[in-house]
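Peer 1: What follows is a predicted protein model with its sequence.
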Amino acid sequence: GAVVSQHPSWVICKSGTSVKIECRSLDFQATTMFWYRQFPKQSLMLMATSNEGSKATYEQGVEKDKFLINHASLTLSTLTVTSAHPEDSSFYICSASGSAGFSSDEQYFGPGTRLTVT
Amino acid sequence: TQLLEQSPQFLSIQEGENLTVYCNSSSVFSSLQWYRQEPGEGPVLLVTVVTGGEVKKLKRLTFQFGDARKDSSLHITAAQPGDTGLYLCAGLNTGTASKLTFGTGTRLQVTL
């Protein structure tokens, strides 16, 4: 149980375009989802926390107008990188925590999405 | 801002050797987790330690949480090539909406 998927697993886009990444909890209801960014050979940095049905809370230094997060249902959150630039190229990872038999403190991580902006 | 510093940053050892990875902070955490991440994949949870002084074993891996719940260590006995990966500690405070603060990471390479 507690499987989280991400789509796409990798994406290449041109500078100035927008790209959407989906994060789905496949077998549980995720009351909270987290979005992380990981640059090569570095650790995970939390970008934002989203609760179903409410606005995301962004970490300091993360532009909320650039990284749009939607958590419209208990099984789906999306991250849209708007007007992407090469410096946005990174590995984006989501995680989900929920209820109904799963620990609300434990985060279940997706496999990540590699974004390359050319 | 809570910071978790891991040491060493990079470790290259031969199969059969032992190693210890350290995770240190000036902040207290309600619990601490260790993850292993392989290239191009999400991190996979290895263990959660909750009580100060707690020791947990997972086969050849031994995890310890410091008495003051500010630091932790991961010891691997008789390392194998399959242990290769990025090891991340992450601190959790339940008062912050279950947000994890990840450590700086330790990249381990085990060669034959």
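Peer 2: Done, it's in. Numbers count the residues shown, from 1 in each chain, chains lettered A, B, ... in the order given.

Peer 1: In contact with the nearest residue to B:R107 once chain neighbours are set aside, which residues?
Peer 2: Take B:R107 and drop its neighbours on the chain: the residue closest to it by CB to CB, 6 or more residues apart in numbering or on different chains is B:F10, 4.8 Å away. Using the backbone N, CA and C atoms, a C-beta is placed for each residue, glycine as well. Residues near B:F10 by CB atoms under 8 Å, 6 or more residues apart in numbering or on different chains: B:106-107, B:109.

Peer 1: Let me see the confidence value for B:F10.
Peer 2: Here the pLDDT value assigned to B:F10 is 97.

Peer 1: Could you measure from it over to A:K41?
Peer 2: 9 Å (CB to CB, to the nearest Å).

Peer 1: so what sits against both of these two?
Peer 2: B:R107.

Peer 1: Kindly state the pLDDT recorded for the residue in chain B that chain A sits nearest to?
Peer 2: Chain B approaches chain A most closely through B:G42 (3.8 Å), counting by CB to the nearest CB. Looking at B:G42, its pLDDT reads 95.

Peer 1: how about it, what does it touch?
Peer 2: Per CB under 8 Å, 6+ apart, neighbours of B:G42: A:4, A:6, A:93, A:95, A:109-112.

Peer 1: 6 Å instead, please
Peer 2: The neighbourhood of B:G42, defined by CB atoms under 6 Å, 6 or more residues apart in numbering or on different chains, consists of A:93, A:109-112.

Peer 1: and these near chain B, which?
Peer 2: Contacts with chain B are made by A:93, A:109-112 out of the contacts of B:G42, judged by CB under 6 Å from any CB of the partner chain.

Peer 1: Counting neighbours, which of these comes out on top?
Peer 2: When neighbours are taken as other CB atoms under 10 Å in any protein chain shown, the top entry among the ones next to chain B among the contacts of B:G42 is A:G110 (27 neighbours).

Peer 1: Worst mean pLDDT across the helices and strands of chain B, which element?
Peer 2: Sorted by mean pLDDT, DSSP states H and E, the helices and strands of chain B end with strand B:100-102, the least confident at a mean of 93.

Peer 1: What strands line up against that strand, and which way round?
Peer 2: strand B:85-92 (antiparallel) (DSSP bridges).

Peer 1: The nearest residue to B:L46 once chain neighbours are set aside: what's it in contact with?
Peer 2: Of all residues not flanking B:L46 in the chain, B:W34 sits nearest, at 4.6 Å (CB to CB, 6+ apart). Taking CB under 6 Å, 6+ apart, we find B:W34 in contact with B:46-47, B:63, B:74, B:89.

Peer 1: Cool, thanks, signing off.
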